[in-house]
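In: sequence and predicted structure below; questions after.
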Protein chains: 2
Amino acid sequence: MVQSHPRRRSAAAHRAILEAVRDLLLESGYERLSMDGIAARAGVGKQTLYRWWPSKAAVVAEATVAGLVWNGGGEVPETGDVAVDLRAWLTVLVESTAERASLVRALISASADDRGEARRLYLRFTGPHRDAVLARLRRGVDSGQVRPDADLDAVADACVGTLLFQVLTDNENHSASRLDGLLRLLLPGLLVHPRTTGAPEPPGDHH
Amino acid sequence: MVQSHPRRRSAAAHRAILEAVRDLLLESGYERLSMDGIAARAGVGKQTLYRWWPSKAAVVAEATVAGLVWNGGGEVPETGDVAVDLRAWLTVLVESTAERASLVRALISASADDRGEARRLYLRFTGPHRDAVLARLRRGVDSGQVRPDADLDAVADACVGTLLFQVLTDNENHSASRLDGLLRLLLPGLLVHPRTTGAPEPPGDHH
């Protein structure tokens, strides 16, 4: 972590390191990433790297916060049908998380190790996605599809938390069916007029 | 992590270290725990400690797997009412987790850092609790309270995952209301005859 405003040369080194992380992750993934490899690619000494970050998880977390690595999933669609939109959002989130499970574990580790890192990762990475889902659910309340007394934060946290638990227990390849099962369980409590299948309603039948 | 069978002297040092971790956690909690403090209390050299474990999170994880630190929550009660039992189990789990959030973050970090550690922690710590909840839910299917097509694994993972997400985002002091909101959302999809409040049914009215 950078403790103070770096001088211009430090700023260039800092940027070079984060870009090296981005490039190496794209080329060969998190498991093969090493502090040695990052330093070599960035053209900085290993000491410089360790002065700023204690571990590869921490430097990857900062590259993520800087928006260089992964934005954490897709947009929340707005078809007019909350169940369809939640399912579509989760499908992309689950797939993109399973594809980079070791990276996600590094971000979890960085969050668990350092409260400041956790806050930065939440504000710049997890939070915006969570806010987008909450906003979609609130529009569902406004349109009369979502029960006004449903705990919308609990919906968002259950989706994200269940997915994190799959990744922590090396179950990410089965997370699609687990999240599908969760959504089927949540919809009857979430929707004013639940449909058991979660299939799209006929066009024009949204209200 | 111990890579091979330790000799007798090593076994004594190993045990002394794990007991020191247990005692220091009880006395002053995870945040104040240090590798120096563990070595001093156990009467071993710091090198010995680092030879076996790379970090305090790793040695705490092993003490947890050995059953010395925390068993991870309470039993799942069996009153005959699934909603009441789930709520009672979650109440104890949420309270005992919030009380030791920094310890839980250490266990998450150890799991995220090392696939072997993750497997050991799951098998000896998380897994038995998850299995107990699943068994309670399956008896609910047998008694006709729980829908046979409900994804019971998703219920267990949503509860545990939501709680882990609260701890990772420093929201553990609000996890009781978040988990309560989740349970209210899940019950209509989980139960054959859901009651919106989740309050106990009158005695003798379980079936």
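Out: Nice, thanks for sending it over.

In: the closest residue to A:A101 other than its chain neighbours: how many residues sit nearby?
Out: Spatial nearest neighbour of A:A101, excluding adjacent residues (Cβ to Cβ, 6 or more residues apart in numbering or on different chains): A:E172 at 4.4 Å. Any C-beta I mention is one placed from the backbone N, CA and C, and that applies to glycine too. By the measure other Cβ atoms under 10 Å in any protein chain shown, the count of residues near A:E172 is 22.

In: wait, isn't A:E172 in contact with A:T97?
Out: Yes - using Cβ atoms under 8 Å, A:E172 is in contact with A:T97, at 6.6 Å.

In: what residues sit buried inside the longest helix along chain A?
Out: The residue-count maximum for a helix in chain A (DSSP state H) belongs to helix A:8-28. Buried positions in helix A:8-28, judged by neighbour count with 16 or more other Cβ atoms under 10 Å in any protein chain shown: A:10, A:13-14, A:16-18, A:20-22, A:24-25.

In: can you classify the most centrally placed residue in chain A by secondary structure?
Out: Residue closest to the mean C-alpha point of chain A, counted by Cα atoms, centre = their mean, is A:G72 at 3.4 Å. Put simply, A:G72 is coil when judged by DSSP: H, G, I helix; E, B strand; the rest coil.

In: swap in A:L33?
Out: coil.

In: contacts only, for it.
Out: A:21, A:24-25, A:56, A:60 (Cβ atoms under 8 Å, 6 or more residues apart in numbering or on different chains).

In: nearest to B:S34, of those?
Out: A:K56 (23.1 Å; Cβ to Cβ).

In: pLDDT at that closest one, what is it?
Out: At A:K56, the pLDDT value in this model is 90.

In: ok, it - how many residues close by?
Out: A:K56 has 21 neighbours, counted by other Cβ under 10 Å.

In: quick one on the thing from earlier: then the longest helix of chain A to CSV, C-alphas only?
Out: C-alpha atoms of helix A:8-28 as CSV (Å, rounded to 0.1, in the frame of the first residue of the first chain):
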residue,chain,number,x,y,z
ARG,A,8,7.0,11.4,-10.0
ARG,A,9,9.5,8.5,-10.5
SER,A,10,7.7,6.4,-7.9
ALA,A,11,4.4,7.1,-9.6
ALA,A,12,5.8,5.8,-12.8
ALA,A,13,7.1,2.7,-11.1
HIS,A,14,3.8,2.3,-9.3
ARG,A,15,1.9,2.4,-12.6
ALA,A,16,4.4,0.1,-14.3
ILE,A,17,3.8,-2.5,-11.5
LEU,A,18,0.1,-2.4,-11.8
GLU,A,19,0.2,-2.7,-15.6
ALA,A,20,2.6,-5.6,-15.2
VAL,A,21,0.1,-7.3,-12.9
ARG,A,22,-2.6,-6.7,-15.5
ASP,A,23,-0.5,-8.1,-18.4
LEU,A,24,0.8,-11.2,-16.4
LEU,A,25,-2.7,-12.0,-15.2
LEU,A,26,-4.0,-11.9,-18.8
GLU,A,27,-1.1,-14.0,-20.1
SER,A,28,-0.9,-16.7,-17.5
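
In: this completes my enquiry, with thanks.
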